[in-house]
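A.B. asks: I'll drop the sequence and a predicted model, then ask my questions.
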Amino acid sequence: MKEPIGAAADATVGLAATSDAMQGIISAANSGRFRVTQEAGDELIRIFLDFQDALGSMRRDGRQLSHRTSLGDSPAGKTISDFNQQVAAGWDGRSYEEMLVQMHERVPQVIEAIKKGVRTYREIDEGNTEFGVPT
């Protein structure tokens, strides 16, 4: 399969980068390297819940893209139709749909990681207070 070009590549690369960043939060929280205040954690959780909703819409759009768009026989119509299929198919065996499903499944893990980051922050903050370290 040909590699996607232009906006198709940007969309797929952007999704892959977002997925990698989500995994980074999870990994950092699991190793105790992710700490966040309650207020910031609450805001991050809200953002990821909104993102999860948006992923549902993106998946519906992706399913529509995966079908050949009937735009006529003109060169522009064929180009747009090919582009839509290319965006849906992705590259390197990772389709747009697969990446969206993966991120949708990962959001609850990210939320748990954020909660863990809040707990870690709180424990460190309480430990500092206990030893007289100003916070």
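C.D. replies: Yep, it's here.
A.B. asks: check contacts around residue 56.
C.D. replies: Each residue near residue 56 by CB atoms under 8 Å, 6 or more residues apart in numbering is listed here: residue 104. In this view, the C-beta of every residue, glycine as well, is placed from N, C-alpha and C.
A.B. asks: what about it, distance to residue 49?
C.D. replies: 12 Å (CB to CB, to the nearest Å).
A.B. asks: now residue 15
C.D. replies: 18 Å.
A.B. asks: helix, strand or coil for residue 32?
C.D. replies: Three-state call for residue 32 (DSSP: H, G, I helix; E, B strand; the rest coil): coil.
A.B. asks: for the chain, which segments count as helices?
C.D. replies: Assigned by DSSP state H, the helices in the chain fall at 6-30, 38-66, 75-89, 96-130.
A.B. asks: mean pLDDT for those: which is lowest?
C.D. replies: Mean pLDDT across the helices of the chain is lowest at helix 75-89; the value there is a mean of 72.
A.B. asks: before we move on, the earlier item: more neighbours: which of residue 15 and residue 49?
C.D. replies: Taking neighbours as other CB atoms under 10 Å, residue 15 and residue 49 compare with residue 15 leading, 21 against 13.
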